[in-house]
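Visitor: quick one, what's the 3D model for this:
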Amino acid sequence: MIPFARFNEKSIPWLFGLLTGLAYGLMLFQTGFYWDDWPFAWAAHFVGPESFIGSFMRVRPFLGPIFWFTTSLLPETPLAWQAFALVMRFALTLAAWWALRQIWPVHPWQTLLAALAFLVYPGYSQHWVAFTHINQELIPLWFYLLSLGMTGLALHSPRQMRRRTALGLLLLTLGVFPTEYFLSLEPLRFLFILSIFGRQEQGWKSTLRRSLQAWLPYLAVWGFNALWLFLYYRSGIYANYDVVLGETDGPVVTGLLAASLDAIWKAGLYAWALLPILAAQTFSAPSTWLALGAAGVSLGLLWLFLRQLSLSQPFSASPAWAWQAIFIGLTGLALGRLPSWAAGLPLTLQSSFDRFTVSMLLAASLLMAGLLTFLFRHERAWRFASALVIAAGVGQQVYNANVFRRDWERQRSLYWQLAWRVPALAPGTVLLTDEVEIDYETDYSLTAPLNWMYAPHFSGARLPYLVLGVAERPNRLPALEPGHPFEFAYRPVRFYGNTSQAVLFLAPPGACLRILDPAFDSDATFGKNSPLLSQLLPLSNPSQILTDSPSAALPRQVFGPEPPPSWCYYYAKAELARQRSDWPQAARLGDEASARGFQPAAPVEYLPFIEAYLLTSQPEKAQALSQIALQTASMRNAVCAVWFRAAQTQPLPRQLLNELGCPGPASSNQD
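Guide: Next up, the predicted model:
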C-alpha cells in the first residue's frame with residue numbers, strides 16, 4: 001500500500017482554497033446579483049465609481065472609498081463579483097488563521113480548527129450577495145482581523161512593538177470607521193491581550209495592568225469612532241438605521257440580555273445543526289443530495305488531511321485554551337449582536353437578516369473550536385469531530401448556494417418575461433405592485449435592472465423608471481388616484497413620476513409575470529385576495545408600454561442568455577398581442593404553446609388565449625380551455641367575464657355559455 005503524503009503548515013492554505021471552492025464555488029456560474037447588488041452595480045456602470053463617494057455621505061461616509069476602489073477594478077457583471085467573493089472568502093480565512101496564530105502561537109491545532117470553522121460558518125448565508133457584502137462588511141472585517149493579528153504580533157516582538165502597534169491602529173481604523181457592524185467588538189481585543197499576557201505568569205494584577213496599557217491605544221481609536229458616530233447620528237446628516245434603544249419594550253438591560261442569549265443560541269449553536277434539520281425537510285430534493293454529497297466529500301478530505309497533518313506543536317487538547325475560547329466566543333456573540341439589536345433589527349437564520357452574523361463570525365468559530373476541544377480530549381476523536389463539524393458547514397453552504405441559484409433563475413425569468421411582454425416603456429413610468437414576492441429582491445433592487453433594460457444609454461441625474469411595492473412603502477405615493485406627481489430618491493439619482501404614468505404588475509411565485517390592465521382584469525383575475533391591488537388597478541395605464549418598439553435588448557453578461565421558449569414566453573407574447581388587439585397572433589401563440597405541450601402553473605393565464613379563440617371564431621378551443629380553467633372554482637367569474645366581453649362583439653352560442661355556468665346576458669348571441 002502506498003502511504004499517504006504527510007501535510008505540514010504550508011499545506012493549510014491549499015486546504016482553505018479547496019474548501020472554499022467546495023463550499024462556495026460549485027454554483028459560481030449559476031448565481032448573480034441580489035438585494036442591493038443591483039443598485040450598486042447599476043450606479044457603477046451608468047454613473048461611475050466616483051458616484052459612491054457622494055452617495056454614501058449621508059449613510060456611511062467612509063464606505064464610499066471602498067466601493068470606489070473595488071468598482072474601479074471589477075466589471076459590473078455577476079460572474080466577476082461572485083468570483084471575487086471566492087477570493088475574498090479565502091483572504092478572510094487566511095487573515096483569521098494568521099490573527100489567531102499570533103494570539104495563540106502554541107495552540108496551532110486549535111487555531112486551525114477555529115479558522116476552518118470561520119471559513120464555512122453556516123449561520124452566515126449571505127456570501128452570494130457579493131457586491132453588497134464584500135464592500136459593506138467583508139473588506140472592513142478583513143482589516144479588523146489583520147488589526148487583531150497585528151496586536152498579537154506586536155506583543156510578541158517588543159523591539160518592533162511601536163511600528164506594529166501603529167499598523168494595528170491603522171488597520172483598526174480601516175475596519176471600524178466604514179461600517180458600524182464591528183463597532184462593539186473591540187473588547188475582544190482586550191481579552192486576546194489578556195490571554196497573551198496571562199501566559200507569562202506574572203500575577204493577575206500585573207497581567208491586568210499590562211493588558212490595559214497595551215489596549216489603551218486601540219481603546220482611543222475605538223472611543224474616537226464612537227464619538228464620531230454619536231456626533232454624526234445627531235447631526236441630521238445621517239439617513240440610515242435609527243438607534244431604537246429607548247423604544248424597546250421593558251428595561252434596556254433585559255432586552256439586551258435576551259438578545260445576547262438569542263444570539264448565543266442561534267448564531268453560536270443552532271447554526272451548526274442547520275444542515276441535518278433542513279435536509280430532513282427536503283430529503284428527496286436533488287439539491288439536498290448535492291449538499292450532503294459535498295459534506296461527505298469534505299468529511300473524507302478533512303479526515304485524511306488532519307490525520308496526515310504535522311504541525312510545529314504536537315496535538316494537545318488544552319482545557320485552559322478551550323475555556324478561553326468558549327468565554328471569548330460567548331462574549332463575542334453578545335457583543336456582535338449589539339449593533340443590529342440597537343437598530344431594532346431581528347436575527348433570523350436562513351434569511352437576509354442573518355447578515356448580522358458577520359459580526360459574530362470570529363466569536364462563533366472560537367466557541368465551536370473551544371467546545372470541540374473541551375469535549376474531545378483524545379486526538380483521534382478530536383480530529384474526527386472537527387472534520388464532521390466543518391464538513392457539515394460545507395454542506396450547509398452548498399445548500400445555501402442552491403437557494404441563491406433558484407432565486408437567480410427566478411430573477412432572470414422575470415426579466416426576460418418583462419422583455420417579451422414590454423418591448424419599451426415611456427420615460428417616467430413607475431411599475432407598481434402590492435408586494436415584491438421574491439426572497440432576495442425588493443422594489444428598490446428591481447428598479448436597477450428595469451432601468452438597465454429600458455434605458456441602456458442612461459446618463460444624467462433623472463432616473464427614467466421606478467419599481468414600487470406599495471405595501472412595502474405605503475407613504476411613497478401621494479394618493480392612490482391619477483394625476484399626482486411624486487419623486488423618489490435613488491442614490492445617486494432621483495425619479496420624478498406621476499400616478500397617471502403607472503403600470504401595475506404581478507410576479508407571483510411559480511407563475512408568469514402579469515401586466516394588469518383595467519380593461520381585462522379585476523379582483524377575479526388577481527389570483528389572491530388583495531384589497532390593495534383593487535385600489536391600484538385603476539392607476540394601471542398600459543399605454544405607457546410602447547408596443548410597436550423593438551424588444552428590449554438585455555446584455556448577456558449581466559442578465560445571462562435568453563432562455564428557450566416556455567409557457568411564460570407564449571403567455572407574455574399573447575398578452576402583448578392582446579394589448580395590440582392582434583387576436584389572430586394571440587390565437588396562433590396559443591396553438592403553438594399547446595402543440596409544444598406547455599401548460600400554465602396558474603389557470604388565470606388561460607384567459608388571453610380563451611379571448612383570442614373567441615374573437616377569431618374558434619369557440620370550441622375557447623370552451624376547452626375554459627373548462628380546464630374552471631377546474632379551479634375561483635376562476636368562474638374571470639372566465640365568464642372573458643366570455644361576456646367577447647360576446648359584445650362576437651356572436652356566441654348561448655348553449656356554450658350555459659354549459660360553462662355563465663348564463664349572464666350577452667349583447668348578441670345565437671340560440
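
Visitor: how many neighbours does residue 479 have?
Guide: Neighbours of residue 479 under the rule other CB atoms under 10 Å: 10. Just so you know, the C-beta spots here come from the backbone N, C-alpha and C atoms, and that holds for glycine as well.

Visitor: can I assume it is in contact with residue 498?
Guide: No - in this structure residue 479 lies outside contact range of residue 498 using CB atoms under 8 Å: 11.1 Å.

Visitor: how near is residue 152 to residue 203?
Guide: 21 Å (CB to CB, to the nearest Å).

Visitor: repeat that for residue 213.
Guide: According to CB to CB, residue 213 and residue 203 sit 15 Å apart.

Visitor: quick one: mean pLDDT over the helix or strand containing residue 175.
Guide: Take DSSP states H and E as the rule and residue 175 turns out to sit in helix 161-176. With pLDDT averaged residue by residue, helix 161-176 scores 95.

Visitor: in that helix, what's buried?
Guide: 164-165, 167-169, 171-176 (16 or more other CB atoms under 10 Å).

Visitor: mind picking the two most distant members of the residues you listed?
Guide: Pairwise distances across these (CB to CB) peak at 18.5 Å, for the pair 164 and 176.

Visitor: in terms of neighbours, single out the busier of residue 152 and residue 203.
Guide: Using other CB under 10 Å, the more surrounded residue of residue 152 and residue 203 is residue 152, with 24 against 9.

Visitor: looks like the more buried one contacts residue 197 (just checking).
Guide: No - in this structure, residue 152 is not within contact of residue 197 by CB under 8 Å, at 11.2 Å.

Visitor: and this structure, what are its domains?
Guide: 9-233+265-405, 424-547, 565-671 (automatic domain parsing).

Visitor: tell me the most buried of these?
Guide: Stretch with highest mean neighbour count among the domains of the chain: domain 9-233+265-405 (a mean of 20; mean count of other CB atoms under 10 Å).

Visitor: check the offset of that one from the chain's centre.
Guide: 18 Å (CA atoms, centre = their mean, to the nearest Å).

Visitor: kindly report the same for stretch 583-596.
Guide: So, by CA atoms, centre = their mean, the centroid of stretch 583-596 is 38 Å from its chain's centroid.

Visitor: quick one: contacts of that stretch?
Guide: 565, 567, 570-571, 573-574, 577-578, 608-609, 611-613, 615-616, 618, 621, 625 (CB atoms under 8 Å, 6 or more residues apart in numbering).

Visitor: any idea how far residue 389 is from residue 367?
Guide: Noted for residue 389: a distance of 12 Å to residue 367, by CB to CB.

Visitor: contacts for stretch 467-479?
Guide: With CB under 8 Å, 6+ apart, stretch 467-479 has contacts from 430-436, 442-444, 446-447, 450, 480, 484-486, 488, 499, 532, 536.

Visitor: switch to 10 Å and redo it
Guide: 430-437, 441-451, 466, 480, 484-488, 495, 497-499, 502, 504-505, 530, 532-533, 535-536, 539 (CB atoms under 10 Å, 6 or more residues apart in numbering).

Visitor: measure that stretch end to end?
Guide: 16 Å (CA to CA, to the nearest Å).

Visitor: low-confidence ranges, the chain, go.
Guide: Where the chain drops to pLDDT under 70, the residues are 1-5, 201, 236-250, 664-671.

Visitor: tell me where it has strands.
Guide: Using DSSP state E, the strands of the chain run over 430-433, 462-463, 466-469, 485-490, 493-498, 502-506, 514-516, 652-653, 669-670.

Visitor: how about JSON lines for those strands, with distance to residue 355 added?
Guide: Below are the strands of the chain laid out as JSON lines (distance: least, CB to CB, whole Å):
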{"stretch": "strand 430-433", "distance to residue 355": "25"}
{"stretch": "strand 462-463", "distance to residue 355": "26"}
{"stretch": "strand 466-469", "distance to residue 355": "20"}
{"stretch": "strand 485-490", "distance to residue 355": "22"}
{"stretch": "strand 493-498", "distance to residue 355": "26"}
{"stretch": "strand 502-506", "distance to residue 355": "28"}
{"stretch": "strand 514-516", "distance to residue 355": "32"}
{"stretch": "strand 652-653", "distance to residue 355": "57"}
{"stretch": "strand 669-670", "distance to residue 355": "61"}
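
Visitor: related to what we said a few turns ago, okay, and the common contacts of residue 389 and residue 367?
Guide: Common neighbours of residue 389 and residue 367, counting by CB under 10 Å, 6+ apart, are 117, 272.

Visitor: skipping adjacent residues, who's closest to residue 436 in space?
Guide: Excluding the flanking residues, the one nearest residue 436 by CB to CB, 6 or more residues apart in numbering is residue 469, at 4.8 Å.

Visitor: list the beta-bridge partners for the one you found.
Guide: Here residue 469 sits in beta bridges with residue 433, going by DSSP bridges.

Visitor: I figured residue 482 hits residue 518, correct?
Guide: No - assessed by CB atoms under 10 Å, residue 482 is found out of contact with residue 518, at 11.3 Å.

Visitor: overlap in contacts of those two?
Guide: With CB under 10 Å, 6+ apart, residue 482 and residue 518 have common neighbours 538-539, 541.

Visitor: surely residue 272 is in contact with residue 265?
Guide: No - applying CB under 10 Å, one finds residue 272 not in contact with residue 265, separated by 11.4 Å.

Visitor: distance to residue 60 added to the buried residues of helix 161-176, as TSV?
Guide: What follows is the buried residues of helix 161-176, written out as TSV (distance: CB to CB, whole Å):
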residue	distance to residue 60
164	28
165	27
167	24
168	23
169	20
171	18
172	17
173	14
174	13
175	13
176	11
